[in-house]
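Participant: Provide a 3D model corresponding to the input given below.
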Amino acid sequence: MPTLRTLLVEDLRTAQHRDPAARSLVEIALAYPGVHAVWAHRLTHGMWRANPLLRLPARLLSQAARALTGIEIHPGAVLGRRLFIDHGMGVVIGETAEVGEDVVLFHGTTLGGVSSSKGKRHPTVGDRVVIGAGAKILGPVAIGADVTIGANAVVVKDVPAGSVAVGVPAKPRRAPASADGWADPAVYI
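Facilitator: Residues are numbered from 1 along each chain as shown. Presented below is the predicted three-dimensional model:
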């Protein structure tokens with residue numbers, strides 16, 4: 001299990017790697033709300049899992065982080081390592097959402113529910129997924145590994161690994177090859 005310091009530095013380096021505008025780790029640590037939201041989630045998620053008596057304080061802290069960053073992540077959500085939230089304003093990640101490793105979320109994305117019932121009601125996102133600005137992934141759907149969700153897509157059905165999902169409602173297509181493995185989701189609008 002990595003140390004907290006290792007995770008924090010990894011988060012900074014992930015932002016530096018994913019954002020061509022990032023100039024230094026200090027700038028990222030001070031001025032990147034996506035990184036701040038992930039750090040706050042690490043704290044609140046730990047509280048959420050540690051003790052049921054800490055769930056209310058975890059929710060209150062998560063709401064404070066939302067007010068500061070514009071990014072709402074429920075403390076119950078499970079986030080993988082090296083998540084990068086670019087810009088971030090308006091991102092919502094629901095309580096039963098699960099996000100894999102090396103995922104990129106752009107501003108205005110929602111990993112939301114479509115039901116008020118108890119149990120799994122939010123998406124499961126695989127590893128190395130890129131979710132474009134304004135995309136909505138709704139319900140307990142599964143997004144496979146190496147998927148790109150186009151900007152403003154509305155996903156309400158499972159998306160198989162290695163595909164691109166675009167449109168309203170989103171339909172999977174075969175993904176084009178890219179040199180670095182990360183296609184720009186804006187090309188799919």
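
Participant: Give me the three-state assignment for the residue positioned nearest the centre of the chain.
Facilitator: Relative to the mean C-alpha position of the chain, the nearest C-alpha, by CA atoms, centre = their mean, is the one of Leu105, at 4.9 Å. Recorded secondary structure, Leu105: strand (DSSP: H, G, I helix; E, B strand; the rest coil).

Participant: With Arg173 instead?
Facilitator: Going by three-state DSSP: Arg173 is strand.

Participant: And the residue sitting furthest away from the middle of the chain, how close does it get to Ile73?
Facilitator: Most distant from the centre of the chain: Leu53, at 26.5 Å, with distances by CA atoms, centre = their mean. For Leu53, the distance to Ile73 equals 21 Å [CB to CB, to the nearest Å]. Quick note: C-beta positions are derived from backbone N, CA and C, even for glycine.

Participant: swap in Val156?
Facilitator: For Val156, the distance to Ile73 equals 22 Å [CB to CB].

Participant: tell me which element Ala40 is part of?
Facilitator: helix 33-50 (DSSP states H and E).

Participant: should've said Gln63
Facilitator: Going by DSSP H and E, Gln63 is part of helix 55-69.

Participant: Can you check what angle separates that helix from helix 33-50?
Facilitator: 180 degrees (axes from the mean of the first three to the mean of the last three CA atoms, to 10 degrees).

Participant: which element follows helix 55-69 toward the C-terminus?
Facilitator: By DSSP H and E, the next helix or strand past helix 55-69 is strand 72-73.

Participant: Name the next helix or strand downstream of that next one, please.
Facilitator: strand 78-79.

Participant: residues of stretch 95-111 that come out buried?
Facilitator: Burial within stretch 95-111, assessed by neighbour count using 16 or more other CB atoms under 10 Å, is assigned to 95-100, 102-111.
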